[in-house]
Structures are given as C-alpha cells and as structure tokens.
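Enquirer: sequence and computational prediction follow.
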Amino acid sequence: MRQNNKIEKRKAFASKSALAGFLITVLLLPGIELASEKKTGNVLVLKMKDGQVGKGELLAVKGDRLILMDPDTLTDANIGIGDIARIKVVKKSKFLLGLGIGWLPGAAIGAAIGHSKGDDKPGWFSFTAETKAFADGLVGGLLGALFGGAIGAALSADESIDTGSLSPQEWDKVLNRLKDFARIT
C-alpha cells in the first residue's frame, strides 16, 4: 500500500513537472523570437504646415531633421522640423506581451490560493488540493492575462505631438524622445 502511494505521488509530480515545462516553453518561445527580430523604427504620420500628410518608418533623427523611409517606394525622406505641424507616433502593440506577462503571476497566485484551500472531505463531490490549485491557477491565469493585456494595450497607445508652437528647448525634448522610436539611434 505504501509503495503504491509513492508511485502515485511520483506520477503526479511527473505530470505536473511536464505541464510546468510545457507552459514555460510556451511562454518563453515568443520572447525568444521577438529578441531575434531586427529592430525597426516606429511609423510616423506627419502633418506638414502646408497641409500635406506624410507617413513613413522613422530611420533616424539627425540634428533637426527626421529621416523617414516611405513604405511604398522604400525611398528615404529628409524632413526638417520647421516644416512639421503635427507628429503622430504609431506604436507597436504590446497587447500580446502584456497578455503573456500577466498570465504567469495570475496563474501562480491562483494556484497558490487553490492549493491553500486543502483537500475536501471525502464525498461524492470533493476535490484534492492539487485539483483546486489547477482550477484556480487557470482562472487566475486568465484574469492576469486579461489585466496584463489591457496594460500592454494602454502602454502601446499612439502618441500625438502638436509641434506648432514649440520652443527650441521643447523641440530638443521632442527630438530626443523621437530617437527612442528610430531604427538607428
């Protein structure tokens, strides 16, 4: 009887270890792939003082000029800041990253809460602490993922800068901020 109990515990541990390994792999693979991607600049939508609208990937900020690449022709444009009335920075979505980051602590907290409830008294409808940990981990992971996804989406909201009345010092701040969005810093 005692030997049977040890075998059952080992099987349970092995299956939980396999599940944990699988989940860790699923969570880490997107991060590894993201890390291997080439850096691209954010897309800027520029409204010029003459009313024209231009769009392109921000390659670099050089002095008081923005170097953009036209997505259609793949040619670059060198635009002076004096010609720009408004800049819109189109940010890359961080929803999925927030989803993944939120899932892990949510699942861990949910599993800890579920396990802390302990085993139910034996009966026709009773659960073990491990079953409760698994169920509460799934619910906690879902809630954490939703919360993390919402934060990721909020952090990746587009940014708009009205440049009509900026002083030279304010332009310096804007240009330094735009360097963070450029492909080449």
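Expert: Yes, it's here.
Enquirer: and Leu143, that one's in a helix?
Expert: Yes - with DSSP: H, G, I helix; E, B strand; the rest coil as the criterion, Leu143 is assigned to a helix.
Enquirer: show me the domain layout of this structure.
Expert: What the record gives for the chain is the domain set 1-37, 43-91+158-179, 93-157, from automatic domain parsing.
Enquirer: Throw those into TSV and include mean neighbour count and distance to Thr185, thanks.
Expert: The C-beta positions use only the backbone N, C-alpha and C, and glycine is treated the same way. Compiled in TSV, those are given as follows (neighbours: other C-beta atoms under 10 Å; distance: least, C-beta to C-beta, whole Å):
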stretch	mean neighbour count	distance to Thr185
domain 1-37	10	17
domain 43-91+158-179	14	5
domain 93-157	16	20
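Enquirer: and the ones you listed as CSV, adding mean pLDDT?
Expert: What follows is the domains of the chain, written out as CSV (pLDDT from 0 to 100):
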stretch, mean pLDDT
domain 1-37, 55
domain 43-91+158-179, 85
domain 93-157, 87
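Enquirer: can you tell me the closest non-neighbouring residue to the residue positioned nearest the centre of the chain?
Expert: Nearest to the mean C-alpha position of the chain, by C-alpha atoms, centre = their mean, lies Leu97 at 2.6 Å. Once its chain neighbours are removed from consideration, Leu97 has its nearest residue in Gly152; the separation is 5.4 Å (C-beta to C-beta, 6 or more residues apart in numbering).
Enquirer: what segments of this structure are helices?
Expert: Residue ranges of the helices in the chain, as given by DSSP state H, are 2-36, 95-116, 129-155, 168-179.
Enquirer: tell me the phi and psi of the residue nearest to Leu58 when sequence neighbours are not counted?
Expert: The shortest distance from Leu58 to any residue that is not its chain neighbour, by C-beta to C-beta, 6+ apart, is 4.0 Å, and that residue is Gly41. Recorded main-chain torsions at Gly41 are phi -80, psi 160, according to degrees, to the nearest 10.
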